[in-house]
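**Student:** Attaching a predicted model along with its sequence, questions to come.
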Amino acid sequence: MANGDWFYARNNQQQGPVALPALQDMARSGQLQPTDLVWREGMPSWLPAQQVAELFAPQAAPGFAVPGTPGAAPQVQYGGYYPTAQQPRYQAEVPTYLVQSILVTLFCCVPFGIVSIVYAAQVNSKLAAGDYAGAVDASGKAKMWSMISLGVGLLAAALWFVMVAIGAANH
């Protein structure tokens, strides 16, 4: 990958690499939206394009200086001074399994369902912190515990029906 190549993502689809001048043209023409995510080597994480000064110049309110102009605070550039660990590419959404966890907690097995809810609640916070691997792990554990809860609940229900049938047969 060349040092100046950029990637962008829209609708969970990664595009690129694209040279900076081409990406700037896309921003000017409206093909690259301010909310589209962009990344290049040296950046700590994907950012909305509107937060990258090279793509969307910020507009100043009256009485305030635009960054990059004389008297303004220095603009952050994404060069090579961030850690050199390879940044993972934009990842698809990770399912939380929160709805399933709540339902199995209410209708099947409370203790295992609560464990599932705890893991399901961690998924979005880990994604927001940039911990994609942790989010995938929490998602998998939420799914596993909701399935365990469902299985235990169904087993308990089947056992109850068998006991009722045996009691009715003996009566």
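**Tutor:** Sure thing, it's come through.

**Student:** Below-threshold pLDDT in this protein: ranges please.
**Tutor:** Within the chain, the ranges that satisfy pLDDT under 70 run 1-4, 57-92.

**Student:** Just want the most central residue of it.
**Tutor:** Leu127 (3.9 Å; C-alpha atoms, centre = their mean).

**Student:** How about that residue: what's its closest non-neighbour residue?
**Tutor:** Among residues not flanking Leu127 along the chain, Ala135 sits closest, at 4.5 Å (C-beta to C-beta, 6 or more residues apart in numbering). Just so you know, the C-beta spots here come from the backbone N, C-alpha and C atoms, and that holds for glycine as well.

**Student:** what residues does stretch 107-126 touch?
**Tutor:** 94-98, 100-102, 104-106, 132, 134-135, 138-139, 141-146, 148-150, 152-154, 156 (C-beta atoms under 8 Å, 6 or more residues apart in numbering).

**Student:** at 6 Å instead, please
**Tutor:** Here stretch 107-126 makes contact (C-beta atoms under 6 Å, 6 or more residues apart in numbering) with 94, 96-98, 101, 104-105, 134-135, 138-139, 141-142, 145-146, 148-150, 152-153.

**Student:** And those, which of them are buried?
**Tutor:** Those of the contacts of stretch 107-126 that meet the buried threshold are 94, 96-98, 101, 104-105, 134-135, 138-139, 141-142, 145-146, 148-150, 152-153, by 16 or more other C-beta atoms under 10 Å.

**Student:** Just those: which are in helices?
**Tutor:** 98, 101, 104-105, 134-135, 138-139, 141-142, 145-146, 148-150, 152-153 (DSSP state H).

**Student:** Tell me where the protein has strands.
**Tutor:** 5-10, 13-19, 37-40, 47-48 (DSSP state E).

**Student:** What strands line up against the longest one, and which way round?
**Tutor:** Read that as strand 13-19. The strands that strand 13-19 pairs with in its sheet are strand 5-10 (antiparallel) (by DSSP bridges).

**Student:** Now do the buried residues in the strand it pairs with.
**Tutor:** Buried residues in strand 5-10, counted by 16+ other C-beta under 10 Å: 6-9.

**Student:** How about stretch 39-50?
**Tutor:** Buried residues in stretch 39-50 (16+ other C-beta under 10 Å): 39-41, 43, 46, 49-50.

**Student:** Next, the distance between the ends of it.
**Tutor:** Using C-alpha to C-alpha, to the nearest Å, one end of stretch 39-50 lies 12 Å from the other.

**Student:** Also stretch 27-35?
**Tutor:** End-to-end distance for stretch 27-35: 11 Å, by C-alpha to C-alpha.
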